[in-house]
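Visitor: 3D model of this:
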Amino acid sequence: MEENGYRTWQDNAAQDMDRWQQTEGTRERQEREARELAAARKHFSKLGGMYLLGTIVIFAVQFAVSFAAGLLFPEWLRNGDFALLLSMVPMYAIGMPVLIALVRTIPADRVGRRPIRAGSFIAAVVMCFGAVYLTNIIGNIVTTAIGMLKGSGVQNQLLNVTESVSLWMIAFWMVICAPVMEEYVFRKLIVDRTVRYGQGTAVLLSGLMFGLFHGNLNQFVYAFVLGMLLAYLYVKTGNLKITIAIHMMINFMGGLVSSMLMRQIDLDAYLEMAADMDMASMMAFVSENMAGLLAYGVFLIFVFGCLIGGLVLFIVCLARRKFSFARGRIVIPAGKRFRTVALNLGMLLYGIFWIAVIVYQLLA
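Guide: From the prediction side, this is the model:
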């Protein structure tokens with residue numbers, strides 16, 4: 001009896017010890033998770049804060065240069081090329097370097113390099129073009145509806161710029177400078193500093209911060225989607241040259257080629273004739289602008305081809321589960337990701353700042 005009682009006591013003591021160890025292990029895991037979440041929130045907050053500070057520097061130097069030019073050489077502001085220079089040079093020469101220096105104070109991880117096959121690259125190009133054209137249409141529909149509700153049109157800032165500057169300025173700033181700088185700032189810097197929390201988090205944040213940075217609803221819609229697609233390519237290949245090349249192609253077609261075509265033909269005049277049912281003037285217009293209209297028709301065929309081809313490829317990739325996101329070395333538990341990534345001081349301030357800019361642009 002005594003021996004059985006002793007064994008029972010030993011068994012109970014062992015069970016108590018196991019429960020205590022399990023409790024202690026659970027408590028340690030919870031404490032470790034809490035520390036990791038706090039560190040993650042701090043990391044994302046600092047990232048958002050540095051991008052906000054960089055944005056404020058960009059706005060400040062642009063305002064200072066434009067203000068000084070307005071006082072000393074007011075005629076410069078009435079010239080599209082000079083006005084663009086007064087905006088772009090301070091941003092790329094001062095503002096962006098300061099932003100980069102600020103962001104580089106945040107620890108980063110290396111994204112591994114992987115080759116991409118020619119067929120996969122072509123498919124990616126088609127999907128990116130298709131996504132841009134589709135989301136651009138959606139953005140224009142939304143802004144048109146907002147314009148109807150407020151009783152006046154919403155200004156398309158990109159269209160205003162491309163209509164007021166020379167083609168060589170579009171080629172230099174939009175086709176060369178912007179893709180290189182934007183891919184470094186909004187793809188490499190952001191993805192390298194967020195991929196530790198998972199590729200999905202890095203891709204979404206890169207696209208969202210890139211879209212907001214454009215500061216208007218027209219561009220936000222397609223820049224957000226394009227930013228995510230390019231970020232996905234970057235996390236899968238680790239090759240920024242690929243995303244820069246695709247970005248350049250899109251800006252070349254959407255900025256330079258479309259501007260060249262629009263300057264060859266006056267579509268507004270033709271639409272006015274069509275509204276008045278002036279058949280004689282319409283026929284004369286077509287005869288005089290045949291070459292430009294044919295070129296514009298080829299461009300539209302390219303656009304619709306990319307729309308259809310990109311949509312088909314995207315559906316096929318989804319069906320075959322080609323899109324995948326690797327988990328990061330630090331896993332944020334489900335249900336806590338949004339609060340950790342977005343609901344922190346730095347990211348909230350960055351988002352509020354740019355949403356305010358977008359709303360102001362819509363209501364102006």
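Visitor: going forward, measure contacts between C-alpha atoms and count neighbours the same way
Guide: Will do.
Visitor: List the buried residues of stretch 98-118.
Guide: For stretch 98-118, a neighbour-count test (16 or more other CA atoms under 10 Å) marks 98, 99, 100, 102, 103, 108, 111 as buried.
Visitor: between these, which is closest to residue 272?
Guide: residue 99 (46.5 Å; CA to CA).
Visitor: Quick one, grab the pLDDT at residue 242.
Guide: Predicted confidence (pLDDT) for residue 242: 97.
Visitor: Name the helix or strand for it, please.
Guide: Element membership for residue 242, per DSSP states H and E: helix 240-251.
Visitor: Mind giving me the packing neighbours of that helix?
Guide: When contacts are defined as 3 or more CA pairs under 8 Å, 6 or more residues apart in numbering; DSSP states H and E, helix 240-251 sits against helix 118-150, helix 178-183, helix 217-237.
Visitor: winner for burial among these?
Guide: Mean neighbour count, computed with mean count of other CA atoms under 10 Å, is highest for helix 217-237 among the helices and strands packed on helix 240-251, reaching a mean of 24.
Visitor: Low-confidence bits of this structure, can you list those?
Guide: Along the chain, the model assigns pLDDT under 70 to residues 1-26, 267-271, 276, 278.
Visitor: that older thread, export the helices and strands packed on helix 240-251 to CSV and tack on distance to residue 192?
Guide: Shown next, in CSV, are those (distance: least, CA to CA, whole Å):
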stretch, distance to residue 192
helix 118-150, 21
helix 178-183, 12
helix 217-237, 9
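Visitor: Nearest to residue 65, out of those helices?
Guide: Short answer: helix 178-183, nearest of those by CA to CA, at 19.8 Å.
Visitor: which other helices and strands contact whatever helix or strand comes next after that closest one?
Guide: Following helix 178-183 in sequence order, the next helix or strand is helix 189-194 (DSSP H and E). For helix 189-194, the packing partners by 3+ CA pairs under 8 Å, 6+ apart come out as helix 199-213.
Visitor: next one: whichever helix or strand residue 280 is part of to chain centre, how far?
Guide: Taking DSSP H and E as the criterion, residue 280 maps to helix 279-288. Relative to the centre of its chain, helix 279-288 is centred 42 Å away, using CA atoms, centre = their mean, to the nearest Å.
Visitor: try stretch 343-357
Guide: Distance, stretch centre to chain centre, for stretch 343-357: 15 Å (CA atoms, centre = their mean).
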